[in-house]
Each structure stands twice: as structure tokens, then as C-alpha cells.
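# what's the 3D shape of this:
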Amino acid sequence: MITLALTTWSEHGSLLHEGRERKLTLPEYSQFLPCVELDTPFYGIPRLSSFAKWAEETPEQFQFIVKANQIMTRHRGPETAGTLSEREVFDHFKQNSAPLVAAGKLKTILFQFPPFFGVTKENINYLKKVRDYLGDLPAAVEFRNQVWYQEAYRQQMLGLLRKLNFSHVIVDEPQTPTGSAPYFPVATNQLAVFRLHGRNFAGWANQGKDWRSQRTLWRYSRNELQSFIPDIQRLTQEAKEVCVIFNNNSGGDAADNALTLQQMLHLEFTGLAPQQMDLF
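Next up, the predicted model:
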């Protein structure tokens, strides 16, 4: 099975052939694609009522990729969580996101680790702790430190992800000297995840105040999209699901690219249309 997703739902007015100023609602978005990446938990864990609302207003088969909080990915230390310990941050995340789990709508929790999260004994042990904290909840790991993919470490890295039942996130992104991971299309469990960030080298390296408007400013050509298809199709033979997430939306290109890839792969997503009221 192949599924497609975008990062957030509000920024994709082109799904309705409307401008970027038109903010989509989640029910509108969920009529087009079967999954969305929810990035707000990275900045602050939403309330239980918010997760419950998102579960209720989406079709039965719709699912969420929920980004782990920045304390969980060690972008920030646990001391910034106030009185909560590291484990308590995880417990808070799990408690509030429980409505998605109960509804069968949590596809995975995305751990996007920072570039300074390198290959160290401490970080390897932390990955093991993450699995302990999460229990049997699904999780996906995206590295942004290139060292994990060096020949001396990559097989051990893949083996660790398999042992911990973490999905390996396959990224397409500009190859800067730091803060980038290579394209490495290998699955480590039954959910293979692609995250396509675009190829804007200058924007990816931008540290200025306008970095959000530049970082993922890229529109994939049909030839570039075609280049992913052999790996996507190959991985469907190794995993139950291949989910392709488009994160190239600084210029509003993600939705159009997703719909183009959907057409190229001849995909139909059923069960997403809003329920019709029986009026007669």
C-alpha cells in the first residue's frame, strides 16, 4: 500500500484550486489525502481535547503522523519542561494523543532529531530509552546528522532501528556540509516513510530570519518525482505501507506535487469523501 501526506493541513489551498491565503480546514484536507503530518506537537503538546477533535472530524481511515515534541527529540533539554521529567514529558504526550490511538488514527510518531544528534553511546542509549518510554506505540526516526550514514555506522544504525521497531525515515533534501542526511531508501519495519523536503540548497542553509519562507522552497519536476517511483514500488514488497510525505511547501508546492505523484502512481484513496446525510 502507498499513501501520501502533506505537512499540516491549512496551507494547501491548491487542493481546492484556491490561493494560499485560503486556509483549509482539516475536514476539507481529509477529503483528498489519507494522512497528514501534524507538526504542532513539536512546539507544544496539544490538549487531549484537540487530539480528540482531530480524530472525530476525519474519516475513519484517515491517519496522523504526529511529530514528537522538541524535548523528546532533544532539541531542548528536559529542564525547559518546568517540573516534568523526561519520562513525564513522554507520558504527557502519550496521554494527550490517546484519542488518536483509540481511533486507530496514529500512523506513527515522527522523531526528527537535530543535526547535533550524532553517533554517540549516549544517543544510542537514548534511542533505546525512547522505545522504553513509548511502549509499543509506532515511531519513525529521521536523522539529520550525516555520520549515521557513514559506512562504518549505517548497517549498525539500521540494525538498531530494526531491533527497536522504528521506521527509518528516507529523506530527500539538499546536501549541505552539515544538517543533512543522504537519500538512503531502506526500510526497517512494516512502515516505510519518505519525507521530501525539496532541493533548495541556499534555502536549506539559510540561517536568517526569513528561513521559513526559503527552507523548503522547491517544486519537484515530473522527472524528479519519477526518480522516486522505483524505490517506492520496491519498498512495497518489503513493507506493508509506504508513506510519502511532501514537506516542500515554502512556496505552496507540496499539494500539487502530491497530486501529481498520485496520478503517476495511479493511486485511488477510498473512504475519504464526507458522509452523505440520508434526507429521504
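# Would you mind measuring from residue 87 to residue 228?
38 Å (Cβ to Cβ, to the nearest Å). For glycine as for every other residue, the C-beta is placed from the backbone atoms N, C-alpha and C.
# neighbour count winner among these two?
residue 228 (20 against 12; other Cβ atoms under 10 Å).
# what helix or strand does that one sit in?
helix 222-235 (DSSP states H and E).
# per-residue pLDDT, the closest residue in space to residue 219 that isn't next to it in sequence?
In space, not counting the residues next to it along the chain, residue 219 is nearest to residue 253; the distance is 4.0 Å by Cβ to Cβ, 6 or more residues apart in numbering. As predicted, residue 253 sits at a pLDDT of 92.
# Renumber starting at 56 from here on
All set: I'll call the first residue 56, so the last point we hit is now residue 308.
# tell me which residues in stretch 290-306 are buried?
290, 294, 296-306 (16 or more other Cβ atoms under 10 Å).
# So, low pLDDT: which residues of the stretch 56-205 of the chain?
Filtered on pLDDT under 70, the stretch 56-205 of the chain yields the residue ranges 73-76, 133, 135-137.
# now the helices for it?
Using DSSP state H, counting those that start in this stretch, the helices of the stretch 56-205 of the chain run over 81-84, 95-98, 103-111, 141-151, 153-157, 176-189.
# Residue 203 against residue 210, yeah?
No. The criterion here is Cβ atoms under 8 Å, and residue 203 misses it with residue 210 at 10.9 Å.
# Compare these two (neighbour count), which wins?
Each of residue 203 and residue 210 has its neighbours counted (other Cβ under 10 Å); residue 203 has more, 23 against 10.
# Report the beta-bridge partner residues of residue 58.
residue 298 (DSSP bridges).
# and the gap between it and residue 284?
If you go by Cβ to Cβ, the gap between residue 58 and residue 284 works out to 15 Å.
# Between the two, which is the more surrounded one?
More neighbours surround residue 58 than the other of residue 58 and residue 284, with 20 against 13 (other Cβ under 10 Å).
# Which residue, neighbours along the chain excluded, lies closest to residue 283?
residue 249 (6.9 Å).
# Quick check: the one you found is in a strand.
Yes. The assignment for residue 249, made by DSSP: H, G, I helix; E, B strand; the rest coil, places it in a strand.
# Could you double-check that it sits in contact with residue 300?
Yes. Between residue 249 and residue 300 there is a contact under Cβ under 8 Å: 6.5 Å.
# Next up, the contacts around the residue lying closest to residue 320 once chain neighbours are set aside.
Nearest residue to residue 320, sequence neighbours excluded (Cβ to Cβ, 6+ apart): residue 57, at 6.1 Å. If you count contacts by Cβ atoms under 8 Å, 6 or more residues apart in numbering, residue 57 has them with 287, 291, 296-299, 320, 322.
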